[in-house]
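**Q** Kindly return the folded structure for what I paste below:
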Amino acid sequence: MKFPLTTLFLFFFSVLLFTGCKDDDSDNVNDPTAENRKSLGTSAEDILSNDIYNSLTIEFVYANGFEPTEETKIAITSFLNERATKPNGIIIKETVIETPTGAPFDIDEVKEIEENNRTAYTTDDDLAVYVFFSNGNSNKDTDKTVTLGTAYQNTSIVIYKKTLQDLIDNNQGSDLTTLEITTLQHEFGHILGLVNITDDDIHPENHEDLDNSRHCVVENCLMYFQATNTERREVARFLERRGTVPQLDSLCIADLQAKGGK
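**A** Numbers count the residues shown, from 1 in each chain. Prediction:
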């Protein structure tokens, strides 16, 4: 059975959702990192608008050999500039760390790596997002399935760079950068509240995929999702054909605009 090219590309993503209440102001005073420890999607409006924050810092954290490509850094900046209003700009910060041990990583270990290595937190009028480019795979991977990325808190993402590299190594001539950009932009979409992450989208009844919650029903959309786990054979099939990074569909864009985006 053949699938559309962008459909195959978007087989690859998973998101781990956390529920909870917003921290109150006293928590923020006692813990300066509290603003970055909220549930997924709760900072969407703050990222998209300049009502409170006039700049956005993206901290890429990685061990040597697992850094994002230059094209990825350019692409995510462009992606966010298209949707977010940040008069003082989007700042890329890079933090090189000692290679974490213990891979494959479960999500608690990923959070511990963040705890030990994150340096950029939301302060004053600058909102910070943390992205860990992992030197290890997800512990959820099996012989048949893989996880390429997960958005797990309001400003926290892990990209399993080792997994991306392994997939490309096994499919010579394929494009690592396109796979990496799509993974990162898809996970950023979840940070921005897509799809219906906080149950406040303006048209969830004809937008959210009820069989695969928190993803878009439109097959050509960046936020489309067809399987909870990525099948390795589908990854290989896509990589043989290569492709381009999918775009957000009109419904996703409308939801971002309703949250203060462009």
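**Q** Please, where are all the strands along the chain?
**A** 55-63, 90-97, 126-133, 145-146, 149-153, 156-159, 230-231 (DSSP state E).
**Q** nearest to residue 198, of those?
**A** Comparing the strands of the chain by their distance to residue 198 (Cβ to Cβ), the top pick is strand 149-153, with 12.9 Å. The way it works is simple: take the backbone N, C-alpha and C, and place the C-beta from them, glycine included.
**Q** which secondary structure elements does that closest one contact?
**A** helix 107-117, strand 156-159, helix 176-191 (3 or more Cβ pairs under 8 Å, 6 or more residues apart in numbering; DSSP states H and E).
**Q** Residue 51 is in contact with residue 260, isn't it?
**A** Yes - shown here, residue 51 and residue 260 form a contact pair, counting by Cβ atoms under 8 Å, at 6.8 Å.
**Q** list residues touching both of those two?
**A** Common neighbours of residue 51 and residue 260 (criterion: Cβ atoms under 8 Å, 6 or more residues apart in numbering): residue 45.
**Q** More neighbours: which of those two?
**A** More crowded of residue 51 and residue 260, by other Cβ atoms under 10 Å: residue 260, with 17 against 10.
**Q** Spatially, what comes nearest to that one if we skip its sequence neighbours?
**A** Excluding its sequence neighbours, the residue lying closest to residue 260 (Cβ to Cβ, 6 or more residues apart in numbering) is residue 49, at 3.3 Å.
**Q** and the gap between the one you found and residue 85?
**A** 6 Å (Cβ to Cβ, to the nearest Å).
**Q** And residue 164, by the same measure?
**A** The spacing between residue 164 and residue 85, counted by Cβ to Cβ, is 31 Å.
**Q** Neighbour count for these two, which is higher?
**A** Taking other Cβ under 10 Å, residue 164 and residue 85 do not tie; residue 164 has more neighbours (23 against 16).
**Q** quick one: residue 110 and residue 152 touch, right?
**A** Yes - counting by Cβ under 8 Å, residue 110 does reach residue 152; the two are 7.0 Å apart.
**Q** which residues do the two both contact?
**A** Here residue 110 and residue 152 share the contacting residues residue 158, scored by Cβ under 8 Å, 6+ apart.
**Q** related to what we said a few turns ago, pretty sure the residue nearest to residue 260 is touching residue 261, no?
**A** Yes - if you go by Cβ under 8 Å, residue 49 and residue 261 touch, sitting 7.3 Å apart.
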